[in-house]
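>>> Generate a structure from the sequence data that follows.
(one chain, ligands or ions: 2)
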Amino acid sequence: MGFQRLSDLSLTGKRVLLRVDFNVPIEDGVVGDDTRITAALPTIRYLLSHGASVLLVSHLGRPKGAPDPQYSLRPVAAHLAELLGQPVPLADDVVGPSAQAVAQALKPGEVALLENVRFEPGEERNDPELAKRLASLADVFVNDAFGAAHRAHASTAGVARLLPSAAGFLMERELDALGRVLTHPEPPFVVIFGGAKISDKIGVIRQFLMRADTVLVGGGIANTLLKAKGLEVGRSLVENDRLDTAQELLRTAEAESVVVARSLDEPGSIRTLTVTELGPDDAIFDIGPETIAAYSNAIHGARTIVWNGPMGLFERPPFDAGTRAIAAAVAESGAFSVVGGGDSVAAIHESGFAEKIGHISTGGGASLEFLEGRILPGVAALGTED
Ligand code: ADP
Ligand code: MG
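Ligands and ions are numbered 1, 2, ... in the order given. All right, here's what the predicted structure looks like:
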């Protein structure tokens, strides 16, 4: 499906409603990690330099559909003003008198921010009235909040239907990279799945089992597969209600190594075993050296790689070794690689290999749904007719 890009819009003299993801950590009224704010700067600067004014709209946290000072975007406005080196007035409301006044006052080259869109009860239920009032604040809509694109909310899908709309640069990069691995991955195509649960990822796994040349599995997902194969997995993290699903996914049995322990509090019990050697008191916490070698080998031959989910309990060394080794292999492979998932992205940053990854997706749920082949409502609303 096609979508409108910034270059498709006429911007001079226009007021642009820009949906961003400024859902950043705030402590004592100050923005902590500002990655999500700096990530939006290229789109903001592009709009300003093309003669538009920018009215920003974002959610922050989970207020319950009513104003709550704890979730005010005030610290974000202050932080953004510093980054841009120009004032960023904050409206006291989302679509009320203050928002209207702030919008009216905007001149080309100027930026303002609406208050947290989730202060409006109509946001999450995509209320058409709220969408209409948002649309009335601007001439053009740009969506740069990929992480919110899998939900049909008033400030994403709703308003996009009412104004000329396009994807911002962040959204465009996500859609281009994820679209590339979904629709025409260059073979050999290797997919790596890990993380806690099969149930979160079953749709994507099915999708890629049909398309990938090789599927490598680690983490709790692998434990559930091993158990479905009839192997003893002891106290490993397993989804017992998904063994049928796991059975369906199983193709070949391979002898692989794993790192186990009886308990996380018993470092002396950490051992490397093959998957057939587990006792009832052991739990698998990482892939082992033979598995790392076999997986790295497959990864080195790949031209396209998708990775979602850590290979083990990577927050607790030494069980980070498998995830780190796979990160290194993906980075060194020379393949076009896409990494998604909150924990996987954290792991890739910690590994120091983030620079060598083709695309690091910012949208956990959104990227999984996109890779399942589902149409995201927030993206469909930016669509062209083709
Ligand atoms: P992502 O956020 O990348 O999609 P998930 O949220 O699905 O990944 O899974 C990540 C979590 O799974 C991490 O907290 C990790 O410690 C845990 N995990 C992975 N393998 C194991 C394992 N063998 N035993 C227990 N927890 C595991
Ligand atoms: Mg996670």
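
>>> in the worst-scoring helix or strand of the chain on mean pLDDT, what's buried?
The weakest-scoring helix or strand in the chain, judged by mean pLDDT, DSSP states H and E, is helix 243-249 (a mean of 84). The neighbour-count check on helix 243-249 (16 or more other Cβ atoms under 10 Å) flags 243, 245-246, 249 as buried. All C-beta atoms are positioned from the backbone trio N, CA, C, and that covers glycine.

>>> got CSV for those residues, with distance to ligand 2 too?
Conversion of these to CSV gives the following (distance: Cβ to the ion, whole Å):
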residue, distance to ligand 2
Leu243, 22
Thr245, 19
Ala246, 19
Leu249, 20
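
>>> any idea which of those residues is closest to Arg173?
Leu249 (30.8 Å; Cβ to Cβ).

>>> mind listing what that closest one touches?
198, 205-206, 209, 225 (Cβ atoms under 8 Å, 6 or more residues apart in numbering).

>>> need the contact list for Leu137.
So Leu137 contacts 15, 17, 55, 95, 99-100, 103, 114 (Cβ under 8 Å, 6+ apart).

>>> Mind doing that once more with 6 Å?
55, 103 (Cβ atoms under 6 Å, 6 or more residues apart in numbering).

>>> Which single residue in the stretch 51-200 of the chain comes nearest to ligand 1?
Gly195 (2.4 Å; Cβ to the nearest ligand atom).

>>> measure that residue to ligand 2 for me?
6 Å (Cβ to the ion, to the nearest Å).

>>> now swap in Arg45 and tell me
The value you get for Arg45 to ligand 2, if Cβ to the ion is used, is 32 Å.

>>> Could you count how many residues lie near the closest residue to ligand 1 within the stretch 251-386 of the chain?
As assessed by Cβ to the nearest ligand atom, ligand 1 sits closest to Gly341 within the stretch 251-386 of the chain, at 2.4 Å. Close neighbours of Gly341, defined as other Cβ atoms under 10 Å, add up to 24.

>>> which residue sits closest to it in space, ignoring its chain neighbours?
Leaving out its chain neighbours, the residue that sits closest to Gly341 by Cβ to Cβ, 6 or more residues apart in numbering is Asn308, at 4.6 Å.

>>> residues touching Leu178, list them.
Leu178 neighbours (Cβ under 6 Å, 6+ apart): Phe370.

>>> Residues contacting stretch 108-121, please?
By Cβ under 6 Å, 6+ apart, stretch 108-121 touches 48, 51, 53-57, 59-60, 63, 65, 67, 71, 73, 77, 88-91, 93-94, 99, 102, 106, 123, 130, 155.

>>> One more: stretch 31-43?
20-22, 24-25, 75, 79-80, 144, 168-170.

>>> helix or strand right after the least confident helix or strand of the chain?
strand 257-261 (DSSP states H and E).

>>> Give me the contact list for that following strand.
269-275, 282, 284-286, 288-291.

>>> Please repeat the previous calculation with a cut-off of 7 Å.
269-275, 278, 282-291, 312, 319 (Cβ atoms under 7 Å, 6 or more residues apart in numbering).

>>> what does stretch 296-309 give?
181, 185-195, 201, 204, 208, 214, 216, 219, 221, 325, 329-330, 333, 335-341, 344.

>>> Do any residues in that stretch lie close to ligand 1?
Yes: applying Cβ under 6 Å from any ligand atom, one finds stretch 296-309 in contact with ligand 1 at 308-309.

>>> from the contacts of Leu249, which two are the most distant?
Top of the distance list for the contacts of Leu249 (Cβ to Cβ): Arg206 and Leu225, 13.7 Å.

>>> The two: who's more crowded?
With neighbours defined as other Cβ under 10 Å, Arg206 and Leu225 compare such that Leu225 has more, 24 against 14.

>>> distance between the ends of stretch 363-377?
Distance across stretch 363-377, first residue to last, is 14 Å (Cα to Cα, to the nearest Å).

>>> How about the strand or helix carrying Ala347, which residues are buried there?
Per DSSP H and E, Ala347 falls inside helix 342-351. Buried residues in helix 342-351, counted by 16+ other Cβ under 10 Å: 343-345, 347-348, 351.

>>> Check the residues you listed one by one and keep those near ligand 2.
Asp343 (Cβ under 5 Å from the ion).

>>> Just put the buried residues of helix 342-351 in JSON lines and tack on distance to ligand 1.
Shown next, in JSON lines, are those (distance: Cβ to the nearest ligand atom, whole Å):
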{"residue": "Asp343", "distance to ligand 1": "3"}
{"residue": "Ser344", "distance to ligand 1": "3"}
{"residue": "Val345", "distance to ligand 1": "7"}
{"residue": "Ala347", "distance to ligand 1": "7"}
{"residue": "Ile348", "distance to ligand 1": "9"}
{"residue": "Ser351", "distance to ligand 1": "13"}
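
>>> domains of this structure?
What automatic domain parsing lists as the domains of the chain is 6-170, 177-371.

>>> Looking at the ones you listed, spot the one closest to Pro377.
Distance to Pro377, taken as Cβ to Cβ, is lowest for domain 6-170 among the domains of the chain, at 3.8 Å.

>>> First-to-last residue distance for that closest one?
So domain 6-170: terminal residues 11 Å apart, Cα to Cα.

>>> mind checking how far the residue nearest to Gly341 is from Asp28?
Distance, Asn308 to Asp28, by Cβ to Cβ, to the nearest Å: 35 Å.

>>> which one of these two has more residues nearby?
Counted by other Cβ under 10 Å, Asn308 and Asp28 do not tie: Asn308 has more neighbours, with 28 against 6.

>>> give me phi/psi at that one?
Main-chain dihedrals, Asn308, degrees, to the nearest 10: phi -140, psi 120.
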